[in-house]
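Engineer: Sequence and predicted model, in that order:
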Amino acid sequence: MPSVEGERGDTPGRLIFWLLIVFLVLEFARPQPFVRLRLQFLISLLLPLIWLFAKQRPWSPILTAQVAFLVLNTLTVPTVLNNFAAYMTSRAIFGNVAIAIAISWLFSWRQNFRIGSWVWMTIMAYCAVFALTHGGRGPGGFLGDENDIALGLSTVVPFAFFGFEQFRGRERWISAGLLGLYVVAVVASFSRGGFLGLVSALGYCFFKSRNKLKMIAVGLVVAAASAPFIPQEYVDELNTIGTESNTAQGRFFLWDTAWNMWKANPILGVGGGNFNFHAGDFQPTDAGYPPGFYARSWSGTTTHSLYYQILAEQGLMGMAILGFIVWEHFRSLRTLRRRVERDEEVTPDLRRDVVLYSGALTSAVIGLLAAGAFLSAAYYPYLFYLTGMGVGLVAMVERELSAPSDSHAGDPDLEDPPSHPASQV
């Protein structure tokens, strides 16, 4: 098997990185007919095998928790009501974990991290244009409907925001253009959950911004310029975010259903993908909802909430694991920023990248958590990939800060991959 370490004069390390990029293009942009070939599934099998042959690779409690989440769902497959649904959920989680591990390894070089971030922003720009030209819908898969595309765009908005703030010259204005494109596409989706994710992500971006007055001025100009073009239908849609509409009542009804399901299966839940098969058995029978809500079976519906989905399907164990992933992600990025701020020997470009990417990764997860409160996105890849990027960022900075001053920092074709500061496989 060829070397995967990317030593001097050796190219497989770079080729493996671009194999990951091909996966991201196939998975997010979903170009036909290539998606029908299931190449992304083959890549998700191949990359972990290559990773196993690497001499060094980053590891983190975050990745341990991701693997634990996969094991949790897989162990329940033989015992749940719908074994096939639980099996397909395990396959989805396996793909998420496999790619997250590959991201944490291959993004642990700064050049790869920068290229990978720009590629992902470009892919999501394509998805935004697709949504604008297809009635607010995405290209398919977990980017299929209006809520899905809005959720995805909310996670990439912070990369464009911090890119505009931290970059200079052409990269800065490209970031500004992408930011505007993403925001317009979220509006075009008419997704209320996506709007909340967007506002939450931008709220954190503004909180961390070093030029708040400038950002306020830019925001006011953009709002004034775009206000005449915002359709009244979108404003009316946002006005239904309250608790009195039929849509909101239906969502609350499903959340009560999930709560009843969890109370009957508090530790392990009913199994991945099994909420919709149990919903009719656990729906409320007398909880103050309109009479029509009780006249039908709600089997076949989804929870419309990442949190209630995990609670019902994975129980307290699943909630604890995902809660730990989020907490450790925020903690590790905050620790990284503080370390770089205290170290006077950190180069300006490394300091800029840490501010940019740690801020973007934190804000992206905040946007995901906000939008996920109203979307069944528990097994979407964003949390896995974003936290994997966080592991790679921490490992990359640790290597650069501990490397000799004459090393070829950031070039995977000239150096061995870095190890995580806390552990090494």
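Structural biologist: In hand now; what should we look at?
Engineer: Tell me where this protein is predicted with low confidence.
Structural biologist: 1-12, 214, 218-246, 403-425 (pLDDT under 70).
Engineer: Just want the most central residue of it.
Structural biologist: Tyr382 (1.9 Å; C-alpha atoms, centre = their mean).
Engineer: Just to check, it is in contact with Leu368?
Structural biologist: Yes: contact criterion C-beta atoms under 8 Å: Tyr382 and Leu368 qualify, at 5.2 Å. All C-beta atoms are positioned from the backbone trio N, CA, C, and that covers glycine.
Engineer: Pull up the overlap in contacts between those two.
Structural biologist: Between them, Tyr382 and Leu368 share these contacting residues under C-beta atoms under 8 Å, 6 or more residues apart in numbering: 151, 155.
Engineer: Name the residues of whatever helix or strand Gly390 lives in that come out as buried.
Structural biologist: Using DSSP states H and E, Gly390 sits in helix 382-402. Under the neighbour-count criterion of 16 or more other C-beta atoms under 10 Å, helix 382-402 has 382-401 buried.
Engineer: now that helix, how far from the chain's geometric center?
Structural biologist: How far helix 382-402 lies from its chain's middle: 14 Å, per C-alpha atoms, centre = their mean, to the nearest Å.
Engineer: What helices and strands are in contact with that helix?
Structural biologist: With contacts taken as 3 or more C-beta pairs under 8 Å, 6 or more residues apart in numbering; DSSP states H and E, helix 382-402 sits against helix 61-75, helix 83-106, helix 110-133, helix 146-166, helix 306-342, helix 348-372.
Engineer: any idea of the angle that helix forms with helix 110-133?
Structural biologist: Interaxial angle, helix 382-402 versus helix 110-133 (axes from the mean of the first three to the mean of the last three C-alpha atoms, to 10 degrees): 150 degrees.
Engineer: Trp298 sits in which helix or strand?
Structural biologist: Using DSSP H and E, no helix or strand contains Trp298.
Engineer: just checking, it touches Phe253?
Structural biologist: Yes: between Trp298 and Phe253 there is a contact under C-beta under 8 Å: 7.3 Å.
Engineer: now the angle from the helix holding Gly390 to helix 83-106?
Structural biologist: Using the same axes, to 10 degrees: helix 382-402 against helix 83-106 is 20 degrees.
Engineer: still on that earlier bit, can you lay out the helices and strands packed on helix 382-402 as JSON lines showing mean neighbour count and distance to Asp281?
Structural biologist: JSON lines is the format used below for the helices and strands packed on helix 382-402 (neighbours: other C-beta atoms under 10 Å; distance: least, C-beta to C-beta, whole Å):
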{"stretch": "helix 61-75", "mean neighbour count": "20", "distance to Asp281": "21"}
{"stretch": "helix 83-106", "mean neighbour count": "22", "distance to Asp281": "15"}
{"stretch": "helix 110-133", "mean neighbour count": "19", "distance to Asp281": "37"}
{"stretch": "helix 146-166", "mean neighbour count": "26", "distance to Asp281": "26"}
{"stretch": "helix 306-342", "mean neighbour count": "19", "distance to Asp281": "12"}
{"stretch": "helix 348-372", "mean neighbour count": "22", "distance to Asp281": "25"}
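Engineer: looking at the ones you listed, which is closest to Glu27?
Structural biologist: helix 83-106 (8.0 Å; C-beta to C-beta).
Engineer: got the CA coordinates for that closest one in CSV?
Structural biologist: The C-alpha coordinates for helix 83-106 follow below in CSV (Å, rounded to 0.1, in the frame of the first residue of the first chain):
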residue,chain,number,x,y,z
ASN,A,83,-34.6,-3.3,12.3
PHE,A,84,-34.1,-2.0,8.8
ALA,A,85,-34.7,1.6,9.8
ALA,A,86,-32.2,1.3,12.6
TYR,A,87,-29.7,-0.4,10.3
MET,A,88,-30.0,2.4,7.7
THR,A,89,-29.5,5.0,10.5
SER,A,90,-26.4,3.2,11.6
ARG,A,91,-25.1,3.3,8.0
ALA,A,92,-25.7,7.1,7.9
ILE,A,93,-24.0,7.6,11.3
PHE,A,94,-21.1,5.4,10.1
GLY,A,95,-20.6,7.5,7.0
ASN,A,96,-20.7,10.7,9.2
VAL,A,97,-18.1,9.4,11.6
ALA,A,98,-15.9,8.0,8.9
ILE,A,99,-15.7,11.3,7.1
ALA,A,100,-15.4,13.3,10.3
ILE,A,101,-12.3,11.2,11.2
ALA,A,102,-10.9,11.8,7.7
ILE,A,103,-11.5,15.5,8.1
SER,A,104,-9.9,15.6,11.5
TRP,A,105,-6.8,14.0,9.9
LEU,A,106,-6.6,15.6,6.5
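Engineer: That one: how far from the chain's middle?
Structural biologist: On C-alpha atoms, centre = their mean, the centre of helix 83-106 falls 13 Å from the chain's centre.
Engineer: so what secondary structure elements neighbour it?
Structural biologist: helix 12-24, helix 39-52, helix 61-75, helix 110-133, helix 382-402.
Engineer: run the last query once more with 10 Å
Structural biologist: helix 12-24, helix 39-52, helix 61-75, helix 110-133, helix 275-282, helix 306-342, helix 382-402 (3 or more C-beta pairs under 10 Å, 6 or more residues apart in numbering; DSSP states H and E).
Engineer: Quick one: list the elements packing against the third one.
Structural biologist: Under the contact criterion of 3+ C-beta pairs under 10 Å, 6+ apart, the helices and strands touching helix 61-75 comprise helix 83-106, helix 306-342, helix 382-402.
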